[in-house]
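> Starting from these lines, generate the structure:
(chains A, B and C)
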Amino acid sequence: MAVGLTLIFGVMRVVNFAHGDMMVWGMYLAWLLATRAGIDPYVGFLACAAVLFGLGVLIQRLLVDRIVDAPHEMQILLMLGVALVLENGALVAFGPDPQRVRSPLRAATIWLGPVFVDVARLVTFGLAMILTLALYLFLNRTDLGRTMRAAADNAYGALVIGADVRRVYAVAFGIGAACVGAAGALVSPIVPFQPAGGLGLSVASFNIVIIGGMGSLPGAFLGGLLVSVAESLGAVFLSPSMKELVSFSLLILILLFRPAGLFGRAAS
Amino acid sequence: MRWLLLAALAVLLALPAWINSYAVTVFIFIFFYAFLGQAWNLVGGYAGQLSAGHAAFVGIGAYASALLSVQAGLTPWVGMLVGGVLAAALGTVVGYLGFRFGLRGFYFVLLTVAFAEVCRIVALNTDAVGGALGFYITFTGNPRQFQFQDNRAYYYVALGLMLAATGIVAAIERRRFGAYLIAIREDEQACEALGVNTFRYKMLAMVVSSFLTGVGGTFYAFYLFSLQPNSVFGIPLSVEIIIRPIVGGAGTVLGPILGSFILSPLAEASRVYFGQGGWSGAHLIAYGLLLIAVVLFLPQGAYPALRRLWVKAAAR
Amino acid sequence: MSAGGGPPLLEVRGIGKRFGGLQAVRDLSFEMARGEVLGLIGPNGAGKTTVFNLLSGFLAPDGGEVRFDGRSLAGLKPHAVCQLGLVRTFQIVRPFPHLSVLDNVRVGALARRPQMAEARERARAVIEQVGLGAKAGQPAAGLTLAERKRLELARALATEPTLLLLDEVMAGLNPTEIEAIVGLVRSINASGISILLIEHNMRAVMTLSGRIVVLSFGEKIVEGPPAAVANHPRVIEAYLGEEYVHAPAR
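Numbers count the residues shown, from 1 in each chain, chains lettered A, B, ... in the order given. Presented below is the predicted three-dimensional model:
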């Protein structure tokens, strides 16, 4: 989830405020697949990723491309508009009530050392790690991936060497969206989801990405781990509803003292 | 142009005698959100510091005056000022942290959102202010408690608030404070080189903005009679606040008012037509589309575009 | 161009600035007298703009001291330095794009004249002085480069400075435009404003400056009147390399 966001920022310097809402659509797509077509989300997440990839490319081509050079405030507002459309589109399409996806894996638990672990969460974790690894390999081993990193470092230079920067941007956005679509699908059996949750997920993504460092993939990954651990600790020591307080406080502290995050490059 | 505005004002003043109570309510919302938008306009439009957490100030003002009224018997007419001051205190903190640490653009947005969310979570978990169930004010209709039997009284209060905020912003725009804010929005560093204490002026804008927004919180509390943390501190309210000036024209005096006249009826209409059967969020889809359209085609908002048309028409 | 009597207007003593591994400015000291035009030259990367940043408060020196008009500038933010009378322009001009020329300059004028009407008057006068009178109402974004340079100059002038720091004000201009700016700078100096200018255009520097300080790799290597500096072997070495130092004059 955070990995997708950081990719979009790293390559295009655009902050995707609609991130969380895209994830919600991923969740709903998984739900649709599960209820209408009987496809388990742990398999269906690939389809969700593909659809969201398409959506991401569409959004990028139609909208984001036009404002890549615009002042940041405009980009933020644009993505906010997209977020509103997506969130309320989901509301209209699926209704406001929370949903959950049934998966045969959900009820299973196994012993892992001294603790009970949900098989579902374990599979989600495993698949997330695999996807992250796949993304890492893509960026470092394939031509397109390398071009993307070049464009991220220096868009003008990439143009000079003949890279099709606009295509790279579209793909980057698409992949970012695909990540979050997959994330949504993978998480759909575990947590209840509803359209209104989109903004919360966006903020959570930002939390993680800022803490880990904008534009840094390992940062996003480690940031995700860090925030989850911190929130869980918060839930245990403070109270369950206060756990978000922990991540917000962490966010404020990082914003003030180390906005580049743990691994990130400084924002322009 | 001036006579046009005066004519419009006269119409607005006379209106309640001619329209039904429902229409009065619509206008109340137009005025109230225009007021909040105008307050935001100072720091978000003129100074260019995008704050997406202004709901925090509404919430603080609302809870403060509500609590003081219900538990200490303090009339909200004074409680309004207390709420405003408390909101301004938070505004000072947020502004200080943001500006002293040089947070710009997206990072500043996130800071404001974080603070608003912290307020919301704290309010949700504090039983003394009602927690998740919310805080309720019993209706007495007593003007001394900022409550009125007649909807029309609220209409004039809201109109008064909107005019007051607009007057303040207009006065600021005419003076050095306003000129400096606009320049800061254009290029902060260049301003510094020209002797502008950018920190001081951004802080001032933030303090005035948050104070006014806090005062608005009192109206919110004593018009709606119930305070829910998710509504009064939530991001949706912040979105309602900022979208009007942005669509209408951020950094202009009339922008927030124009934006409110466009968006409130739109919201109300879609609520009426789609409100039944799960389409209740439809007006927000329209908000989103409008926001996208504005950013792509009219980045300065509706008012500057209209003014250009007006000038062109007048030149013929 | 003659130095006035009395204490120096600007005293720079041993300032330095390091960025990570790079020592951008090292132990720099020089003085400026009231009414002087001092040229600051040196090859690219010599640290000249860094010096401007250090003097105007945009950067804090790692060590050393800057005294302006007898007052230490230590710890002062740029706006405070400007209020004292030391104003800088930027190498890459930064007009306020959406504001008119007049409104641009008015921002500068407001520094000394808080009343909007007065500031407007002062701005108009300065705009006339730099020759942009015809463009007063136009948005700054629509100006040519030469006009933007004048605008940058006008804005700084409007703050009624005692010392004006000009950062490559002639960069990118054609010879006619340069002549015009040289004349303008000269007239500004004649009105009593001291000038410290960074410039690559050697003719302009030589004509305008009473004295020149030469920087190379962050250190002052030569200081003196234009004629002495132009033929100084160390200066030639810094710009062109060692081989040219003993090249026969043509």
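
> For C:F30, give me phi and psi.
phi -160, psi 170 (degrees, to the nearest 10).

> how many neighbours does it have?
When neighbours are defined as other CB atoms under 10 Å in any protein chain shown, C:F30 has 19 of them. Backbone N, C-alpha and C define where each C-beta goes, glycine included.

> And the one 5 residues further on, by the same measure?
Applying other CB under 10 Å, we find 19 residues neighbouring C:G35.

> how close does it get to C:A80?
When distance is defined by CB to CB, to the nearest Å, C:G35 is 24 Å away from C:A80.

> how much space between the closest residue to B:L12 other than its chain neighbours and chain C?
Leaving out its chain neighbours, the residue that sits closest to B:L12 by CB to CB, 6 or more residues apart in numbering or on different chains is B:L159, at 6.2 Å. Separation of B:L159 from chain C (CB to the nearest CB, to the nearest Å): 29 Å.

> List the contacts of B:L159.
Applying CB atoms under 8 Å, 6 or more residues apart in numbering or on different chains, we find B:L159 in contact with B:12-13, B:27, B:31.

> got the buried residues for the helix or strand where it lies?
Counting by DSSP states H and E, the element that carries B:L159 is helix B:151-174. Within helix B:151-174, the residues that count as buried by 16 or more other CB atoms under 10 Å in any protein chain shown are B:151-152, B:154-159, B:161-163, B:165-166, B:169, B:172-173.

> State the mean pLDDT of that helix.
Taken as a whole, helix B:151-174 has a mean pLDDT of 93.

> From the chain's centroid, how far away is that helix?
Relative to its chain's centre, helix B:151-174 lies at 11 Å (CA atoms, centre = their mean, to the nearest Å).

> For the closest residue to chain C within the stretch 1-150 of chain A, give its distance to B:I241.
Closest to chain C within the stretch 1-150 of chain A is A:P71: 10.8 Å, counting by CB to the nearest CB. Distance from A:P71 to B:I241, counting by CB to CB: 20 Å.

> Show me which of these two is the more surrounded one.
Shown here are A:P71 and B:I241; by other CB under 10 Å, B:I241 has more neighbours (29 against 13).

> Is it correct that that one is in contact with B:Q38?
No - applying CB atoms under 8 Å as the test, B:I241 and B:Q38 come out as separate, 9.9 Å apart.

> Tell me the spatial nearest neighbour of the residue of the stretch 1-150 of chain B found nearest chain C, not counting adjacent residues.
Closest residue of the stretch 1-150 of chain B to chain C, CB to the nearest CB: B:G48 (11.0 Å). Spatial nearest neighbour of B:G48, chain neighbours left out: B:R185 (3.1 Å); criterion: CB to CB, 6+ apart.

> Need the per-residue pLDDT for that neighbour.
What the model reports as pLDDT for B:R185 is 92.

> cool, and A:A151?
For A:A151, the predicted pLDDT is 66.

> Next: A:G162.
Note for A:G162: predicted pLDDT of 66.

> where does chain C dip in pLDDT?
Within chain C, the stretches with pLDDT under 70 are C:1-5, C:242-250.

> quick one, helices of it?
Under the criterion DSSP state H, chain C contains helices at C:48-56, C:78-84, C:101-109, C:116-130, C:145-158, C:175-190, C:202-208, C:226-230, C:233-240.

> Let's have those helices in a markdown table, adding mean neighbour count and distance to C:D62.
Putting those into a markdown table (neighbours: other CB atoms under 10 Å in any protein chain shown; distance: least, CB to CB, whole Å) gives the following:
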| stretch | mean neighbour count | distance to C:D62 |
| --- | --- | --- |
| helix C:48-56 | 23 | 9 |
| helix C:78-84 | 21 | 18 |
| helix C:101-109 | 28 | 30 |
| helix C:116-130 | 18 | 36 |
| helix C:145-158 | 24 | 27 |
| helix C:175-190 | 16 | 31 |
| helix C:202-208 | 18 | 28 |
| helix C:226-230 | 15 | 27 |
| helix C:233-240 | 16 | 23 |
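
> how about CSV for those, with distance to chain B added?
Listed next are these as CSV, based on distance: least, CB to the nearest CB, whole Å:
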stretch, distance to chain B
helix C:48-56, 7
helix C:78-84, 4
helix C:101-109, 5
helix C:116-130, 6
helix C:145-158, 6
helix C:175-190, 17
helix C:202-208, 22
helix C:226-230, 28
helix C:233-240, 29
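
> For chain B, which residues are neighbours of chain C?
Within reach of chain C by CB under 8 Å from any CB of the partner chain, chain B has these residues: B:174-176, B:179-180, B:182-183, B:186-187, B:189-199.

> For residue 62, grab the count of nearby residues.
In the absence of a named chain, this looks at chain A. Around A:L62 there are 11 other residues, counting by other CB under 10 Å.

> meant chain B, my bad for not saying
Per other CB under 10 Å, the neighbour tally for B:A62 reads 28.

> cool, B:A293 as well?
Applying other CB under 10 Å, we find 13 residues neighbouring B:A293.

> next one: the one 5 residues further on
Burial of B:L298 is recorded as 16 neighbouring residues (other CB under 10 Å).

> picking up where we left off before, now the phi/psi pair for the residue of the stretch 1-150 of chain B closest to chain C, please.
phi 70, psi 20.

> For it, give me its contacts.
Taking CB under 8 Å, 6+ apart, we find B:G48 in contact with A:73, B:181, B:184-186, B:251.

> ok, of those, which one's closest to A:T124?
A:E73 (36.0 Å; CB to CB).

> Find the nearest non-adjacent residue to the closest one, please.
Closest residue in space to A:E73, ignoring its immediate chain neighbours: B:L50 at 5.1 Å, by CB to CB, 6+ apart.

> Which per-residue confidence value corresponds to the one you found?
Looking at B:L50, the pLDDT reads 90.

> Understood, closing this out.
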